[in-house]
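Student: Sequence isn't available, so here's the structure alone:
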């Protein structure tokens, strides 16, 4: 399967999730605190390279892939390089929000299945404590059948697009780098076709 086709499939999955997340946010009343970027600052965030394939392909088409790999190689921080902090603590934003990964899209507004088969909201302490009434009522509503996006279901769908790239779980900056390398290796000896047109 071509890189372009994989990117299209991943973006299609992300669009589906965006629609489902919007419905869940409406039902739950949850929302991130404006300007909060605390979840992006955790040093142990892990991801699979395939979820950043659209990001890598976008950078490649704009001539930014090699420069970004150099930046990743020089980077000493474990915080995602796409995250841009502001001066105050926990304030910041994603510098390429449109192309954020699946982990970034799911966290806060989705659920995991525990060992007993029960759904548990995967959200942050800020939402749990700051929006406690919504959190508690939504948790109860989920037990009664309220739909919530589920981590494992979305990762299984990524698995169907590319088994190898989805089953490699890495610290987020290494996942970003591997996604870039995948695109660069693919096009090393191939012409670039974008949206059905050959690119020079």
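Tutor: Okay, I see it. All values derive from a computational prediction rather than experimental measurement.
Student: what's near enough to touch the residue nearest the centre of the chain?
Tutor: When the chain is reduced to its mean C-alpha position, the closest residue under CA atoms, centre = their mean turns out to be residue 101, at 2.0 Å. For residue 101, the set of contacting residues under the criterion of CB atoms under 8 Å, 6 or more residues apart in numbering consists of 47, 51, 52, 55, 172, 175. C-betas here are computed from N, CA, C, even on glycine.
Student: That one - nearest residue in space that isn't next to it in sequence?
Tutor: Nearest in space to residue 101, with sequence neighbours left out and distances taken as CB to CB, 6 or more residues apart in numbering, is residue 51 at 3.9 Å.
Student: Pull up the gap between the one you found and residue 169, please.
Tutor: To residue 169, residue 51 is 10 Å away according to CB to CB, to the nearest Å.
Student: These two: which is more packed in?
Tutor: Regarding residue 51 and residue 169, a neighbour count based on other CB atoms under 10 Å identifies residue 51 as having more, with 29 against 13.
Student: that's a strand at that one, yeah?
Tutor: No. Inclusion of residue 51 in a strand is not indicated when DSSP: H, G, I helix; E, B strand; the rest coil is applied; the result is helix.
Student: which residues does it contact?
Tutor: Under the criterion of CB under 8 Å, 6+ apart, the contact partners of residue 51 comprise 10, 101, 102, 103, 158, 166, 175.
Student: now residue 11
Tutor: Counting by CB under 8 Å, 6+ apart, residue 11 touches residue 54.
Student: any idea which element residue 9 lies in?
Tutor: Secondary structure assigned from DSSP states H and E places residue 9 in helix 3-28.
Student: So which elements touch the next helix or strand after that helix?
Tutor: For helix 3-28, the following helix or strand on the C-terminal side (DSSP H and E) is strand 46-47. Of the remaining helices and strands, those touching strand 46-47 by 3 or more CB pairs under 8 Å, 6 or more residues apart in numbering; DSSP states H and E are helix 102-106, strand 170-171, helix 172-186.
Student: let's see 6 Å
Tutor: With contacts defined as 3 or more CB pairs under 6 Å, 6 or more residues apart in numbering; DSSP states H and E, strand 46-47 has no helix or strand neighbours.
Student: got a list of contacts for it?
Tutor: Here strand 46-47 makes contact (CB atoms under 6 Å, 6 or more residues apart in numbering) with 101, 103, 169, 171, 172, 175.
Student: redo that, cut-off 7 Å
Tutor: By CB atoms under 7 Å, 6 or more residues apart in numbering, the surrounding residues in contact with strand 46-47 are 101, 103, 169, 170, 171, 172, 175.
Student: can you give me the mean pLDDT across that strand?
Tutor: Confidence over strand 46-47, taken as the mean pLDDT, stands at 92.
Student: can you check stretch 73-85 too?
Tutor: Stretch 73-85 shows an average pLDDT of 87 in the prediction.
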